Every structure is written in C-alpha cells, then in structure tokens.
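>>> Please find the sequence and the predicted model below.
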Amino acid sequence: MATTTLFPLSINPNHVLKPKRFILQPNQPLFKSLKSKTSISCSAVAFPKTTNPVAPLKLLGLAEEFRSLQEPADRMKRLLHYAELTPPMEETARVDRNRVMGCTARVWVEVKIDGEGKVRLTADSDSEITKGFCACLVWVLDGLEPEEVVKVSTEDLVGLNVGLPGTGRSRVNTWHNVLVTMQKKTKQLVAEREGKLKFEPFPSLIVTDDGVVPKGSYAEAQAKYLFPDELKVGELVNVLKEKKIGVVAHFYMDPEVQGILTAAQKQWPHIHISDSLVMADSAVEMAKAGCKFITVLGVDFMSENVRAILDQAGFNEVDVYRMSDELIGCSLADAAATSTYMEYLEPASKSTSLHVIYINTKLETKAYAHELVPTITCTSSNVIQTILQAFAQVPDLSIWYGPDSYMGANIVELFQQMTVMTDEEVAAIHPEHNVDSIKSLLPRLHYFQDGSCIVHHLFGNEVVEKIKEMYCDAFLTAHLEVPGEMFSLAMEAKRRGMGVVGSTSNILDFIKDRVQESLDRNIDDHLQFVLGTESGMITAIVAAVRSLLEPAKSSSQGAKVTVEIVFPVSSESISTTTPSLNPVEVGDIILHVVPGVASGEGCSIHGGCASCPYMKMNSLSSLLTVCSHLPDKENVISAYKAERFKLQTPNGQSVADVGCEPILHMRNFQATKKLPEKLVDQILHT
C-alpha cells in the first residue's frame, strides 16, 4: 500500500501542536491510494514514532489539506476520491446494530480491538460523500490506543468543517455523529476486555406500524393503557356528549387516563391534551362550541388559569372542575408562592426591570409580582425569544426570571454559549442581537435560585452518566427545566442535530420530524429517543409516531421504521432481572428486557422516575365521578370546583384581573413578536 509522509511538525514541551510548515499542494492528498480490501488503516500513513498524541496531528494535517483546496467543488471531489478508494464493508457488518443515527444517509461503523490493544475501525455509507467523511475519520483514528480515540471531541473537528456545497449543517453533523458512534463502541469494547459490568439498558417502548412492545415493567406500566378498554372509552364518551363536557388535560397525565382520552377524542372532539399554555385556549374554544362545563386534568394553577381565561373571554357561565377535593399542588408553583420569591423581586422594583415568570405558577403569584415589577409570563418554548426581544426593545433593561432555577441556569448557559458564536449565528436566533449585545446583557439577567420541579430535578447524577455511556449516539430530548448535566448533554446533541431542548411540544415535534424524515428516505431504520421529561408524555408520543408509521405500512414499497422511546430510570428504581425474561430481537438489534419497579413509578432521589405524583391525582375514576354529578345542583362536588378569585392585591385590585395581565402580555408577544406597548410603558414608568 502506498504511503504519504506528513511534513514535519514541531511540538512544544506542553504538547501544544503547531505546524512548522505544511507544504501540501492542492492535489496532494494525505493518502494516495488504497488497494487493500480492508478499510482505511492508520498503517497507510507513515508517521514519525512519538509519544505525543497522534489524532491531533492527523486532524491538523487533514484540516490543512482541505483548506489548501480553494474551491468547495474541489473539496467535494477530494471527499469523493477518498470514498472511491475505500473498499465497502462486508455485508455482514452493514446491519442495524452498526448504524449511525442522525445521518441523512445510511452509515455503518464497526469497531474492534486487536491483539495489541489498538482500535481497528471500518466504516461505510450508501452516500459517496458521507463515505468520504468516514474515510477521513477512520484514517485519523484507526490503530490508535482506545484512550486516544475517546479523547477526541466534536470541537476537535471544527477545522474540518470547511465550506462544502449542499446542506452544510448536515455535513457537520455527519463528522460529529460518526465520531460519537465510534467512541461509544470503543468504550464498550474496553469495558468488556476489562471485565467491567455493563450498564443495563433503561426501560423502553418499541413502536412499530404493528404495535408497541414494552421492555421492562416500568415501560409495561406506561404501555398498559395505550390501547384502552373500549367499554371504558364508551362510558366516558357517552357522559361527555350527554352533558356537553369539555376536557383539557396536560401531557403529564396518568397513562390510563391519557389512553382513554386519546381514544375518546375520535368520538368527542372537545378533548384536548397539551402543555399548560394551550389548555386555557382549548377551553375557550370548547366554550365557544357549546360546552357547558370544562374539566381540567392537571395541577391547581392550571385550573386557575382556565377559569381566569374563560372569564376574560366572557364565558363566566361555564363552570370549571378539578379532579380532586384536595389540593393538587406543584413544587415549582409552590416555590414562587412564598415571601422569599417576593424578596427576590424587591431589587427589581427599584430599577428599569422586567419580571419574566414561568406560566406554571399560581395566578395569585402572577398578580402580586406584577404589582411589584412589570411582569410577562413565558413558556419553555418562548422564554428565550421573550428575553432577547425584551433586551433588544428596552434600553438598559434588567430581567428577573423565575421561579425555575434549573431553567434559569440553563438560559444563562445558553446565552454564554452564544458569546462564542459568530454574529451571523446569533442573528439567526434573534435578528436584533450579536455577540457583543449578548455579552452586555448577561450581567443584567437574574434568575431565582430556589425553585425546581421535583420530576425534572431527578435528571442528574447516575442517569446522566448512563446516558453518556449507553445512549450518546441516540436522539436526546430534554425539557428546559432539567438540571444542568442533562441540559448540557442534550445541548451538545442538539448542536450536531441529535437533540432538542425545549418544551413538551418542542420535544413532541422533534420526534415527529425525525420519524417523518426517516420515512421520507424510505429505508429500514431504527430511531432511538431518550425521553428527558415526565413519562406521561409517552401517550402523546406513541399516538403521534403511530399516526406516521401506520399509513406507510399500506405501501408495499414502504421501509420498516421502528422507534424506541427510552425512559431514563435510575438503577435504584429498577428491580433485578429475572431469568425468565429473555432478550427480544427487533431486526438484528438485541433489546434486553429490563424490569422496572412493579408499581410503574420508580422514583429515586438519584434521578429518573420522571413521574409526577401530583399529576397522578387526576385519575379516571375522579373524572367519571365529576362528570356523573354534573350539573352539581346539590353541591355534591363543590370541593372540585375551580372558584373565581375573590381576593384582592395589596393595591386593592382583583387578583384574577391583575394575574391575567402577564398572560395577556405573553399572548400579545406571541402574536406580534414584540413586547406590547402597555408593558413597555409599565417598565419605563413604574
């Protein structure tokens, strides 16, 4: 096999690599020809023997080679040349378990460790351009020590992200996703050689066009009610139709209730399952359609919001009912309903400030805060744009966000990441900002330090470490409220097209988009998503995925796409595997059965239960009880009724009226993409 000698490199004592002189000519590749039937090997290139890391040297040389080609077309030709020289993998290796997720084309990677402990890599793709990418990465990493392979980061590949024609973002993602898969397989092989116990997989649901297969008792608990009893569905539909009852429910509902409601939607349109923002809007539409009652399956602040928004829309006669005669609390909302939170806002009342409050808070909190500091509500899907627009629209503004401490820290982290972007990248997020403006706003952005959701608080510690080891090449989803470790992991995945950080709706849309892309490619595929939020979302996810997969089944030419939804449950939440439970094969992928806690909750302080105990107070029996007593002429279920606020603020105004104003400000912002004039006036003249 022909070899090419790299030109000398000088290495300083601290191992900082600096090219002494790269005299690479435009037509001089790093490796000239490959005649062997094996994939590109490091032995194809002559390197001086050195104790210094080899991968950075090779990456420098490879980046210099591409930079030496002035035209994007020439760089593309070079990639195609390397693809042509790379022999195809054996068909036995081009299988699902070796597939790289997240690439537009199909990519396969196989990793072995030879007798000398060196990493041996082969890679292939059905796209010649992608195959060229793979050839470069194999050339860089093949033959190295495992620790060298693992040390290479996606940031190390920045020098290779030279301009290429086509969709540049997907090109960058290819480099990154192939690298991550190579590293994951390398770490697994090292663990096997050292006799280390493997991480047991998290419980998961496998969704296909034929149905749903749960893996583990935690997953079984979630899947149990995806296909509900038709008699129960019929019973609910009959009472809803008879009494003209609308139902609004949050994504985080108990799986039994969600399964029944999802099936009932086909017979009664006035059932809506969504995040908290849309629940009140849906209630108004139901009232317009003639519903006389609205039942709310959520926590109490959601019922309050529905009651207040219905009143604002003029539907005072439509009664709103909760699902319990006890308080249905929320740890996050409770954190803001304290004197501590108002003390946090005191400094804001003495300067040009805006209070951005999460929608998931009590109406009373919104009212009291708004009288102290001009306030606008936000959701996890619009908080970034709200804050950036406010800073752009009001000079010298300070923003006080609350009450979710994790979301606040994640927002700050996101803005800090923007300070190392280009001005063009920042402008793509918000057109009125650049790197300098982001740097200037950071000292004026504050967030509450003592509020969290007890569910999202669980995504940390062991759960994140396990995701890093076992699911680093999967699609990662994370709610904006999760702790920093999970947030950072999902943000890294997002940068290479493999993740989403945002609201429940953002997560659902991301999963649907990836599934649709796979169906559009019309190739057999297995997509794996880690669900970094409350497990109650699974009903909506399965329904959405199956609505995409089932129509494709009717096509005789349709590819087989399977979707795996992974529940990040900590080991303390999982019972031991029993011998009677055997692995199941989906294609050539072996999926191990991992039982969860028999109850299906699986909560642990170390992370991963992803099941809100407050939301689970909204049971099917409660819903049927409320519906059966409507209209409640004898006040049998008066404790279930969401009453109007009769309290007044310290300034003597109605809590309901003042508390609704921050919500209306947000609705105005969503419609116009600007803060309303009334709110700006409040900020400047309070």
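Good, I have the coordinates. Numbers count the residues shown, from 1 in each chain.
>>> Would you point out which residue is most central in the protein?
residue 477 (2.2 Å; C-alpha atoms, centre = their mean).
>>> how about that residue, what does it touch?
490, 499-500, 507, 510-511, 529-533 (C-beta atoms under 8 Å, 6 or more residues apart in numbering). Where C-beta positions appear, they are placed from N, C-alpha and C, glycine not excepted.
>>> which one of these sits closest to residue 76?
The closest of the contacts of residue 477 to residue 76 turns out to be residue 499 (C-beta to C-beta; 27.8 Å).
>>> for the spatially closest residue to the closest one that is not a sequence neighbour, what are its contacts?
Nearest non-adjacent residue to residue 499, counting by C-beta to C-beta, 6 or more residues apart in numbering: residue 493, 2.9 Å away. The contact partners of residue 493, by C-beta under 8 Å, 6+ apart, come to 475-476, 499.
>>> Tell me which of these fall in helices.
Among these, no member falls in helices (DSSP state H).
>>> nearest to residue 517, of those residues?
For the contacts of residue 493, the nearest to residue 517 is residue 475 (11.3 Å; C-beta to C-beta).
>>> what's the nearest residue to the closest one if we skip its chain neighbours?
residue 529 (4.6 Å).
>>> same thing with residue 344?
Looking at residue 344 with C-beta to C-beta, 6+ apart, the closest residue is residue 448, at 5.4 Å.
>>> And the pLDDT at that neighbour?
On pLDDT, residue 448 comes in at 92.
>>> now residue 649
79.
>>> now it: how far from residue 349?
14 Å (C-beta to C-beta, to the nearest Å).
>>> where's residue 357 relative to residue 552, distance?
43 Å.
>>> Which one's more surrounded, those two?
residue 357 (27 against 19; other C-beta atoms under 10 Å).
>>> got the contact list for stretch 376-389?
Under C-beta under 8 Å, 6+ apart, the answer for stretch 376-389 is 275-277, 354-359, 361, 366, 390, 399, 401, 407, 411, 414, 429-430, 432-433, 445, 479-481, 502-506, 662-663, 665-666, 669-670, 673-675, 679.
>>> repeat that for 7 Å
With C-beta atoms under 7 Å, 6 or more residues apart in numbering as the test, stretch 376-389 has contacts from 275, 277, 354, 356-359, 366, 399, 407, 411, 414, 430, 433, 479-481, 502-503, 505-506, 662-663, 665-666, 669-670, 673-675, 679.
>>> Quick check: end-to-end length of it?
Taking C-alpha to C-alpha, to the nearest Å, stretch 376-389 runs 12 Å from one end to the other.
>>> Pull out the buried positions in it.
376-384, 386-389 (16 or more other C-beta atoms under 10 Å).
>>> Could you do stretch 238-248 as well?
Result for stretch 238-248 [16+ other C-beta under 10 Å]: buried residues 239-240, 244-248.
>>> Just give me how far it sits from the chain centre.
34 Å (C-alpha atoms, centre = their mean, to the nearest Å).
>>> same check, this time on stretch 183-203
For stretch 183-203, the distance to the chain centre is 25 Å (C-alpha atoms, centre = their mean).
>>> I'd like to know the average pLDDT value across it.
Mean predicted confidence for stretch 183-203 is 83.
>>> gap between the two ends of it?
Stretch 183-203: ends 23 Å apart by C-alpha to C-alpha.
>>> so where's the longest helix in this protein?
Per DSSP H, the chain has its longest helix at helix 168-193.
>>> Buried residues of it, list them for me.
Here helix 168-193 shows 171-188, 190 as buried, counting by 16+ other C-beta under 10 Å.
>>> So what touches the host helix or strand of residue 295?
Element membership for residue 295 (DSSP states H and E) is strand 293-297. Applying C-beta under 7 Å, 6+ apart, the contact partners of strand 293-297 are 243, 245-250, 253, 257, 283, 286, 302-303, 306, 318-323, 618, 623, 626-627, 630, 642.
>>> Could you give the average pLDDT over it?
On average, strand 293-297 scores 96.
>>> need the next SSE after that strand, C-terminal direction.
helix 300-312.
>>> Now find how far off-centre that following helix is within its chain.
28 Å.
>>> Check the secondary structure at the residue of the chain most remote from its centre for me.
Distance to the chain centre peaks in the chain at residue 634, reaching 47.0 Å (criterion: C-alpha atoms, centre = their mean). For residue 634, the assignment made with DSSP: H, G, I helix; E, B strand; the rest coil gives coil.
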